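Return a 3D structure for these sequence lines:
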Amino acid sequence: MSEIAPDAPDTLDTPNAPDTPDAPPVPGAGQSFRLEVATLNGELFSGPVTYVRVPGEGGWLGVLHGHAPVLTQVAPGALLFHTAQGQARTLDVLGGIVEVAPWGVTVLADLAGRDVQAEQARMAQARAQAAAHVPYAERPIGPAAVRAELDAELARFFASALRRRGRA
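So this is what the prediction gives:
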């Protein structure tokens, strides 16, 4: 039986901690694998990732490339993943199952919410496209703004009608 040296630290030495730059890399870290997340309503994400953290019934399940095969239940919580481009994204899931296989990870969620960051990016892109097609897309919306626009349009109409009437 081995004894602990008296000058040993009180905590376990983690060779991959951020404060140890000379530590060997974590096996599978940085290598991409495929993640598919779907519900009965459709696919929410499918693509290469470098890390996945799934809320499991027994705790969090962190997955890197080369993880051992696992099939387990998903608990309600945030599914976190890092895309191959390095972007961290989350999806809210409410139960389901997760399969870790040699080719990648599949999450079949009972219910899941869309990725907030991806949804905001899609909305910003849609706004930019709409603004390019509608010259007054940045106008304020509300009853007062609508009334002001209507009054301005009516004034233009009657001014045009009076000009035409004066010519006749």
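
Now the longest strand along the chain: buried residues?
Selection of the longest strand in the chain by residue count, based on DSSP state E, yields strand 42-56. For strand 42-56, the neighbour count (16 or more other Cβ atoms under 10 Å) marks 44-45, 49-56 as buried. Where you see a C-beta, it was placed from the backbone N, CA and C, and this is true even at glycine.

relative to strand 42-56, how tilted is the very next helix or strand once past it?
With elements assigned by DSSP states H and E, the helix or strand that comes after strand 42-56 is strand 59-63. If you take axes from the mean of the first three to the mean of the last three Cα atoms, to 10 degrees, strand 59-63 sits at 120 degrees to strand 42-56.

Remind me what strand 59-63 packs against, helices and strands.
Counting contacts by 3 or more Cβ pairs under 8 Å, 6 or more residues apart in numbering; DSSP states H and E, strand 59-63 is packed against strand 42-56, strand 96-101.

if we go to 6 Å?
Using 3 or more Cβ pairs under 6 Å, 6 or more residues apart in numbering; DSSP states H and E, the elements in contact with strand 59-63 are strand 42-56.

before we move on, back to that, with pLDDT as added columns, please give the buried residues of strand 42-56 in TSV.
Listed next are the buried residues of strand 42-56 as TSV, based on pLDDT from 0 to 100:
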residue	pLDDT
L44	88
F45	91
V49	94
T50	94
Y51	93
V52	95
R53	95
V54	95
P55	93
G56	90
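
Would you map the strands across the protein?
33-39, 42-56, 59-63, 70-74, 77-83, 88-93, 96-101, 104-109.
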